[in-house]
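>>> What follows is a predicted protein model with its sequence.
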There are 2 protein chains.
Amino acid sequence: MDRVALERVAEVFRAFSEPTRLAILQELKEGPRNVNTLVTALGTTQANISKQLRVLYDAGILNREKSGNQVFYSIDDDIVFPLCELVCNKLNREQTLGSRYDFSI
Amino acid sequence: MDRVALERVAEVFRAFSEPTRLAILQELKEGPRNVNTLVTALGTTQANISKQLRVLYDAGILNREKSGNQVFYSIDDDIVFPLCELVCNKLNREQTLGSRYDFSI
DNA sequence: CAGTCGTATAACTATGTAGTTATATGCCAG
DNA sequence: CTGGCATATAACTACATAGTTATACGACTG
């Protein structure tokens, strides 16, 4: 892979590399959510949620759907759960305490 | 998952989120390599390679083995290839051109 | 149209980090 | 011990970005 391809792969991983974005994905695994629902669920500002949603959307991970004056986001790629589960399994293997890392439904 | 667990998951993804580190992983998939070999293969400074190796090592992805005055690094976690292949498959699905994203052996 | 709600964006601050240069540390040869 | 080689680290610059506040934009209500 050349540098451009590696940069594109890195961009996808970067989308998963912040706890706030992972928390958004955890909420969205329950189903589509509009922005305000995510704001109240995650307890940060609406501007920040919108910004992080854009990062995930640009990475090709989320779907957008407007409904009236609201916007619903949902997970658009089936790699999300396998990816997160691989990492969670790895982390669970590294510790003796029970399975504290869990991204499954 | 609480914030601490999410942060730990994010840290693993962050290790994969830079092209230089992905290039190191691509070299290491051929087998163990010492630092200088990676430096000449990747064409950056020795200090930078050492720094990125440390990030990968701290994330639990690489193995270190000293041999004389050299240090050999190798891939220490079996999640590396499944993770990268998931992302590569996703990217290949998104374009019509042939499989340009490939992390397999 | 005016007001309100939901979302996106601009501007900013603070922090993290990739990459560099220079230096330190450790190992081996002679 | 002395010199040279391999690696790690410190100090620094440049840049990216998470999060905030304020504001703009668009859609619905009355």
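Thanks, I have it. Just so we're clear, the structure is a prediction, and the values are computed from it rather than from any experiment. Numbers count the residues shown, from 1 in each chain, chains lettered A, B, ... in the order given.
>>> With B:Asn63 as the reference, measure out to the most centrally placed residue in chain A.
A centroid search over chain A (CA atoms, centre = their mean) returns A:Leu25, at 3.3 Å, as the residue closest to the centre. Going from A:Leu25 to B:Asn63 by CB to CB, to the nearest Å gives 30 Å. In this view, the C-beta of every residue, glycine as well, is placed from N, C-alpha and C.
>>> Would you mind confirming that A:Ser17 makes contact with B:Phe13?
Yes. In this structure A:Ser17 lies within contact range of B:Phe13 using CB atoms under 8 Å: 4.3 Å.
>>> What is the neighbour count of the residue of chain A found nearest DNA strand D?
Closest residue of chain A to DNA strand D, CB to the nearest atom of the strand: A:Ala47 (3.1 Å). Neighbour count of A:Ala47, defined by other CB atoms under 10 Å in any protein chain shown: 9.
>>> try A:Asp78
Burial measure for A:Asp78: 10 neighbouring residues, criterion other CB under 10 Å.
>>> Also the one 10 residues further on?
Residue crowding around A:Cys88 was assessed by other CB under 10 Å; the count is 22.
>>> contacting residues for it?
Contacts here follow CB atoms under 8 Å, 6 or more residues apart in numbering or on different chains; on that basis A:Cys88 touches A:99, A:101-103, B:9.
>>> Now do stretch A:26-38, average pLDDT.
Confidence for stretch A:26-38, expressed as mean pLDDT, is 97.
>>> Is DNA strand D within reach of it?
No. Counting by CB under 7 Å from any atom of the strand, DNA strand D is not contacted by stretch A:26-38; separation bottoms out at 11.3 Å.
>>> Next, work out how far apart the residue of chain A closest to DNA strand D and A:Met1 are.
Taken as CB to CB, the span from A:Ala47 to A:Met1 is 36 Å.
>>> do A:Ser74 as well
For A:Ser74, the distance to A:Met1 equals 30 Å [CB to CB].
>>> between those two, who's got more neighbours?
Legend: neighbour count by other CB under 10 Å for A:Ser74 and A:Met1, higher for A:Met1 (18 against 13).
>>> pLDDT at the more buried one, what is it?
For A:Met1, the pLDDT comes out at 86.
>>> ditto for A:Thr45
pLDDT, A:Thr45: 97.
>>> Could you verify my assumption that it touches A:Val39?
Yes. Using CB under 8 Å, A:Thr45 is in contact with A:Val39, at 7.3 Å.
>>> who's more crowded, these two?
Neighbours per residue (other CB under 10 Å) separate A:Thr45 from A:Val39, with A:Val39 holding more: 17 against 10.
>>> So which residues of chain A form helices?
With DSSP state H, the ranges of helices along chain A come out as A:3-15, A:19-28, A:35-42, A:46-58, A:80-93.
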